[in-house]
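1. next come a sequence and a model predicted from it.
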Amino acid sequence: QVQLVESGGGLVQAGGSLRLSCAASGRIFSIDAMGWYRQAPGKQRELVAAISSGGRTNHADSVKGRFTISRDNAKNTVDLQMNSLKPEDTAVYYCNVVVRATLFDPKKDYWGLGTQVTVSS
């Protein structure tokens with residue numbers, strides 16, 4: 001099993017910044033993609049940003065130029081630096097990792113419990 005611990009959410013004024021962190025631990029042979037998703041009330045969960053094991057990133061158009069995803073492969077962590085926050089960024093943010101437990105196991109998705117980000121106008 002793999003555990004994900006998220007931190008860094010909170011309340012911030014529009015224009016402010018927050019940094020989300022997610023640490024993966026447990027039975028891990030390798031981690032493929034890592035990413036952050038968010039879900040606002042009444043809306044579907046959407047991809048915010050993802051990063052491959054090689055460091056290639058993908059950011060949603062709505063956050064390009066404001067958010068930056070990064071990872072530390074040695075620590076099994078993924079961070080999301082969020083700048084110039086807007087009220088429409090308000091959502092629960094979820095960490096997602098794709099893990100292989102052993103060399104012979106298939107890849108498996110794991111999700112964090114989510115951390116609330118609230119941006120006031």
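-> Now that the structure is in, tell me what you want to look at.
2. any idea how far stretch 1-15 is from the chain center?
-> Computed by CA atoms, centre = their mean, to the nearest Å, the separation of stretch 1-15 from the middle of its chain amounts to 8 Å.
3. show me which residues of that stretch are buried.
-> 2, 4, 6, 8-9, 12 (16 or more other CB atoms under 10 Å). C-beta here means a position set from N, CA and C on the backbone, and glycine is covered the same way.
4. for stretch 14-33, same thing?
-> By 16+ other CB under 10 Å, the buried positions in stretch 14-33 come out as 18, 20-24, 28, 31, 33.
5. where does V117 land in three-state SS?
-> Secondary structure assignment for V117 (DSSP: H, G, I helix; E, B strand; the rest coil): strand.
6. contacts only, for it.
-> Each residue near V117 by CB atoms under 8 Å, 6 or more residues apart in numbering is listed here: 9-10, 12, 18, 20, 38, 82, 85, 89-93.
7. which residues does it bridge with?
-> On the basis of DSSP bridges, V117 is bridged to G10, A91.
8. bridged to R71, which residues?
-> V78.
9. how many neighbours does it have?
-> Other residues near R71 come to 21 when the count uses other CB atoms under 10 Å.
10. isn't it right up against R56?
-> No - with contact defined as CB atoms under 8 Å, R71 does not count as touching R56 (10.8 Å).
11. tell me which element the residue located most distally from the centre of the chain falls in.
-> Centroid-distance maximum for the chain: F104 at 26.4 Å, with CA atoms, centre = their mean. F104 is part of no helix or strand when elements are defined by DSSP states H and E.
12. what pLDDT does it get?
-> For F104, the pLDDT comes out at 94.
13. same thing with Q1?
-> At Q1, the model reports a pLDDT of 89.
14. contact partners for the residue nearest the centre of the chain?
-> Note on the chain: the residue nearest the mean C-alpha position is W36, at 2.5 Å, using CA atoms, centre = their mean. If you count contacts by CB under 8 Å, 6+ apart, W36 has them with 20, 22, 47-50, 69, 78, 80, 93-96.
15. return the closest of those with respect to S121.
-> Y93 (18.9 Å; CB to CB).
16. name the residues linked to the residue nearest to that closest one when sequence neighbours are not counted by a beta bridge.
-> Using CB to CB, 6 or more residues apart in numbering and skipping the chain neighbours, the partner closest in space to Y93 is R38 (4.8 Å). Applying DSSP bridges to R38 gives these bridge partners: E46, Y93.
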